[in-house]
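Novice: sequence? don't have it. structure:
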């Protein structure tokens, strides 16, 4: 049957040539469109490492130096006290399970990113030794405040127990830090590191208090080594409400709308102090959505997916058109085959095989073009952390070979499925014709 | 003759409904996508209210600085210092200088709506007196504020029509007062609304450049010579479109001279000032935009958008030529030349392509109107949420350039998809042509 099909393809080479050429170009174009989407999807599918549902951020407003509502008698200390009162106020709401205070945007999906170099000992630091050995990591700096716990608030898991990591009450006193699994593996080659010391570039020292499961700072980026530490210092400035956030987790089963309604009515009026005022709450899901919009990720997805849809629709139309004309031209052949006992399924299969061979052969040429493109332009999409490919750790799904194979497979399957559906529609109609009618037409 | 061709094409369209539908759908799809791309860039580049002077405007919107002796910037900012305006004043080919920056609601300024007693977060345009001369706003009432008002940072504002109506339920509000961030502001003028599609000028209200907390951030840095630390955009209009390049050279000279006089700081202008279209691609404060790379990317996309459907149409026309071989053979036998036959087929198919063009244009309008919130920044890597609604205006969607482009695309698509298969089909001898398909 394959031999007959190949013969058919060759006989129709002039019309096949056009669809063949179209699939080559479309295959190449589709590959380049799917590639960045694949990278985004691999990153998105990676476990966040924290829970998003039921997590919210308090949105505060502040009256600036020239604001008409600003109380000029309020001092910096009074503002600080007001801020600490807000933390306590949120923590003590009956619907709230736990809270933490993120300094310098130390929470996922804010768009902010700060990090640095960390060392396992002071000997390997620059200027002290020729061999510099550090771990580059993102840092989350949290405010040490009574009852605050990032792990409980975000549901971040202890790598050893698989349960939520428990932050010791005296974490700030003991100057404890907490590191992600990637951090531990990169610096020590193991996660059995509790009690060991970590040093920053300026020789500040922490003791490791726990190792937690990797978390992603941005939903569309891969996770990166993370270093969490506590700070006793809340530095007050006019823009503190833009960089320091009170994050909280609602108790299971609490309805956010009901909580929000009650809070606005009963609590929010008491928050007009320290030249601050209550603006509202933002859910973690909204934060993620806002960052996706702001960083252009949604635009990339919109653009690439519409271009992929365009290409596939063109292939679909091409297949329907080509095979429709071909089926009409081969009506007598179909009639003859039917009268000789060929079933509808068999004829359909022959046409579908023809389409599959066409697409497969054309895609081989597309791949040759793709390889050229990748080699000449270093054109494979790269995963990044905070927009920088140098910061990204390579997921096994994004190793160059694996990425190339996966993107090629997805492109091929998309082309094949669309081509087969496009072929099936006219062929199904054509095989329904009665043999006598088809033969009489001739 | 052409009438005859169209008549024949119309009959064939009615006889081959599937062919017609696929042809029109394929062409429509190609033209719709290409037109969406065209509309996005048309809105960015073409003269659109109130940015009618784009063609003769230069922009400085980013700055980078290093201490003397360094060969690479070490501090950069998405903004330029108003001090630049002082330096370039009086250049021979300079017509106007305007300074402005649009501050989105995310910075938290709000206007009190007296009827509902609610606070409305607004986009504020912090602008100088020259801004009103560079950009051609349509004043419904009142007039722009002058240089003296900007110097003294008086609490006055020009409102857009929409905001004026929300605060006062009227646009006849000159000399009335409203509250911005708890302070009384006097209205000096009301302008026709500006869509968010023109981000350089889109705001809800316009205030003197250095007014309030935000104005303080725009003031030139305290460093006596450093031109970093402000968040303004500097707009310079040349005396005519022909003088833009000369003005650009003059501005570069002035900036270079300033740098040479300074022993402490080196400024990196990254190929600025930009002509308007180039500035729309500038999104990094540390590097000039890779214009060639961007053009390559757009051309690549355009080629795919035109060629993939064209291949489709080629295939279908090629199959149809097989069916019409005997007809063409008979016409050849009676003396029709190949040129005549090709032009007949081109004309026939042009009718179909035009129908596709019309479908494509309607589809492009549909996509543009339903996706106006995101379509203008489809190619941007930094999108500030909130701000003025980026809606389309009539001049953006209905203009001769746009219609001419659709027509041009139809001609191009028709040529690409018809010419090759037709010439291939017609190269056979008359006998072969007549004999085929009998």
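Specialist: That came through, no problem. Predicted model, so just to flag it, every value in this text is computed and none were measured.

Novice: helices of the stretch 51-200 of chain B, residue ranges please.
Specialist: Using DSSP state H, counting those that start in this stretch, the helices found in the stretch 51-200 of chain B span residues B:83-88, B:131-134, B:147-152, B:161-168.

Novice: and residue B:262, which of those helices is closest to it?
Specialist: helix B:83-88 (11.8 Å; CB to CB). The C-beta positions use only the backbone N, C-alpha and C, and glycine is treated the same way.

Novice: ok, and for that closest one, which residues are buried?
Specialist: Going by neighbour count (16 or more other CB atoms under 10 Å in any protein chain shown), the buried part of helix B:83-88 is B:83-85, B:87-88.

Novice: identify the residues contacting that helix?
Specialist: If you take CB atoms under 8 Å, 6 or more residues apart in numbering or on different chains as the criterion, helix B:83-88 is touched by B:60, B:94, B:97, B:99, B:128, B:130, B:220, B:227, B:230, B:234, B:236, B:250-251, B:254-255, B:258.

Novice: span of stretch A:380-398 from start to end?
Specialist: Its start and end residues considered, stretch A:380-398 measures 10 Å (CA to CA, to the nearest Å).

Novice: now do stretch B:367-375
Specialist: By CA to CA, the extent of stretch B:367-375 from end to end equals 9 Å.

Novice: circling back to that earlier point, to residue A:305, which of the helices of the stretch 51-200 of chain B lies closest?
Specialist: helix B:161-168 (33.5 Å).

Novice: list the helices and strands that closest one packs on?
Specialist: Counting contacts by 3 or more CB pairs under 8 Å, 6 or more residues apart in numbering or on different chains; DSSP states H and E, helix B:161-168 packs against strand B:110-113, strand B:183-191.

Novice: the longest one pairs with which strands, parallel or anti?
Specialist: Strand B:183-191 has the following sheet partners, assigned by DSSP bridges: strand B:139-142 (antiparallel), strand B:156-160 (parallel), strand B:177-180 (antiparallel).

Novice: circling back to that earlier point, of the buried residues of helix B:83-88, closest to chain A?
Specialist: For these, the residue nearest chain A by CB to the nearest CB is residue B:83; the value is 22.4 Å.

Novice: ramachandran angles for the residue of chain A found nearest chain B?
Specialist: The nearest approach of chain A to chain B comes at residue A:68, 2.6 Å away (CB to the nearest CB). Backbone torsions of residue A:68, given as degrees, to the nearest 10, read phi -70, psi -20.

Novice: check contacts around it.
Specialist: B:179, B:181-184.

Novice: where does pLDDT dip in the stretch 251-400 of chain A?
Specialist: Where the stretch 251-400 of chain A drops to pLDDT under 70, the residues are A:378, A:383-394.

Novice: the strands in it, which residues?
Specialist: Assignment of strands within the stretch 251-400 of chain A using DSSP state E, counting those that start in this stretch yields the ranges A:276-283.

Novice: so residue B:102 makes contact with residue B:206?
Specialist: No. The pair residue B:102 / residue B:206 is not scored as a contact, 9.3 Å apart, by CB atoms under 8 Å.

Novice: who touches both of the two?
Specialist: Here residue B:102 and residue B:206 have B:124-126 as joint contacts, going by CB under 8 Å, 6+ apart.

Novice: can you put those residues in a markdown table and add pLDDT?
Specialist: As requested, the shared contacts of residue B:102 and residue B:206 are exported to a markdown table (pLDDT from 0 to 100):
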| residue | pLDDT |
| --- | --- |
| B:124 | 95 |
| B:125 | 96 |
| B:126 | 96 |
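
Novice: okay, and which of those residues map to strands?
Specialist: Secondary structure defined by DSSP state E assigns B:124-126 of those to strands.

Novice: tabulate those (CSV), appending neighbour count.
Specialist: Listed next are these as CSV, based on neighbours: other CB atoms under 10 Å in any protein chain shown:
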residue, neighbour count
B:124, 25
B:125, 25
B:126, 25
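
Novice: out of those, which is nearest to residue A:415?
Specialist: Checking those against residue A:415 with CB to CB, the nearest one is residue B:125 at 49.3 Å.

Novice: picking up where we left off before, between residue B:102 and residue B:206, tell me which one has more neighbours.
Specialist: residue B:206 (27 against 23; other CB atoms under 10 Å in any protein chain shown).

Novice: quick one: the helix or strand containing the more buried one near chain A?
Specialist: Assessed by DSSP states H and E, residue B:206 sits inside strand B:205-208. No. Contact check for strand B:205-208 against chain A, using CB under 8 Å from any CB of the partner chain: none in range, with a minimum separation of 11.5 Å.

Novice: and that strand, what does it pack onto?
Specialist: strand B:124-127, helix B:147-152, strand B:156-160.

Novice: cool, thanks, signing off.
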